[in-house]
Every structure is written in structure tokens, then in C-alpha cells.
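[1] Any chance you could fold what I've pasted below:
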Amino acid sequence: MALHKLFDRNVAWAQRKTCEDPTFFLRMAEQQSPKYLWIGCSDSRVTANDVLGLDPGEVFVQRNIANIVHTSDMNLLAVLEYAIEILKVEHVIVCGHYGCGGVQRALGRERSALVDHWLQPIVMLYRKHRAVFDAIEDMDARANRVCELNIEMQIRRVASIPIVENAWARGQSLHLHGWIYGIHDGLLRDVGPTLASIEERDALISIDERVHRHDEPVSGVRGHAIDAFGETTETE
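    The predicted model follows:
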């Protein structure tokens, strides 16, 4: 069977990890204590540990198509509650990616019963502001702009969930971040907003207003350049 190759690869990986670090699996067997919860896309090219350069056990992960936060999603709510109340994560990161197939589908005309029900928040955002989005002639650039705004929309949804509100109300240190990943260059970019309180959430402008404002997301490379020179020549 073809799947036997996966077991062979697993053995090779386990042996390589043990050779490189004899205590690796002993550490992994200990109780996990991640500081980060990653809510990301199910796309097979975007894996949190690889993108962040972290070992297993350092980031708690929830993934779905197009990194959407449905406030009725019991899986997401259970993960969020466990991460915040049991693991005491300090950061919740909603991370999408450019070239997202889910976003591209939401902008198209094909519809089905289940996947497009899941994508409906993006569909409705696009329909509501279609004139603004369609003014972006390049189709990839148009979809990528919706990818960015989708992240901002989902951060607002996370911030409205009572689990998060309760954590802030009791003074727990919890920061929400909106990031996007560039599959073409491997870089994360900060889309925003970054929130750490109910007051910061309530001070946000609406996602409808954000449609008309486009701030360039900042990658670590660009951020370092700005810190060093006050400006950047990086092309993103």
C-alpha cells in the first residue's frame, strides 16, 4: 500500500530528530505549555510550526477553510476556551494567506450547500462592497485584498466572543493579532488589528470602513528595514 511510505517517512523523521536532539521526544511527552493559539487556514502549504519556526508543543492550532471565525463553531469555541482558560495562551493569531482558495471561491459564482455556507461571511463582504473590489483590475490583487480584509473581519469576531471578553474582564493578558502569510516568499505580514482589551476592540472602526482604507501589511523584513533606516526599499 502507498501509505506504507508514510510510515517509512515517519520512522526516518523520528530517527533524525532523535539523532539531532536526543531529548526531543522526552520534552514533547511533557505537558504542553504554548503561549500562542493559531487560527489558520486548512491549506496544506501553511503549517503554523513551520511558518513560525517553532517546535511541536509551542503553538496550539485550529484550522479551517479560509480561517473563518464562526461564533457558532463548537470546535473553534472549544479550542479557544481550552487555549485561554486551561493553557493560558497569551496571544491568539488569526493568520490567513495570499492566494487563498477559499477566498477565491467566495469571489466566484460556483455555489454548493456546505462549503459556500461556510464562506458566506466573505461572500457577503464582497457583494456589499463589490464596486470597490472590482475596481482592482488584477484578479489576484483583488482576491488578496479580500484575504487581508477577511483577517481583519475574523479578528473582530474573535474579540466579540464571550470567552475572550471574560478573559479581558478578569485582567488576563491576552493579545489578538491579524497576520497574513505570503506563500510566494514565506514571509508573515501584520495586517492588524492588534487588540488587548474590550476598550481597544470597541474603538475599532467598522470592517466596512476598512474596505476603503488600505494600509500596506508589514513583514518582519520590512519592519527591520524601517527600524534601521526609517524607510524600506523592500517590494512586497
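[2] Next SSE downstream of the helix with the most length in the chain?
    As assigned by DSSP state H, the longest helix anywhere in the chain is helix 139-159. Counting by DSSP states H and E, the element after helix 139-159 in chain order, helix or strand, is helix 162-169.
[3] tell me what that following helix is packed against?
    helix 74-81, helix 198-202 (3 or more C-beta pairs under 8 Å, 6 or more residues apart in numbering; DSSP states H and E). No exception for glycine: its C-beta is placed from N, CA and C like everyone else's.
[4] could you pull out the helices for this structure?
    Ranges of helices within the chain are 4-20, 24-28, 48-52, 74-81, 101-106, 115-118, 120-128, 130-134, 139-159, 162-169, 198-202, 207-210, 220-229, based on DSSP H.
[5] Mind putting those into a markdown table with distance to residue 188 and mean pLDDT?
    Formatted as a markdown table, the helices of the chain follow (distance: least, C-beta to C-beta, whole Å; pLDDT from 0 to 100):
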| stretch | distance to residue 188 | mean pLDDT |
| --- | --- | --- |
| helix 4-20 | 25 | 92 |
| helix 24-28 | 24 | 84 |
| helix 48-52 | 7 | 93 |
| helix 74-81 | 21 | 98 |
| helix 101-106 | 17 | 96 |
| helix 115-118 | 24 | 92 |
| helix 120-128 | 21 | 96 |
| helix 130-134 | 24 | 96 |
| helix 139-159 | 12 | 97 |
| helix 162-169 | 22 | 98 |
| helix 198-202 | 22 | 98 |
| helix 207-210 | 20 | 96 |
| helix 220-229 | 7 | 62 |
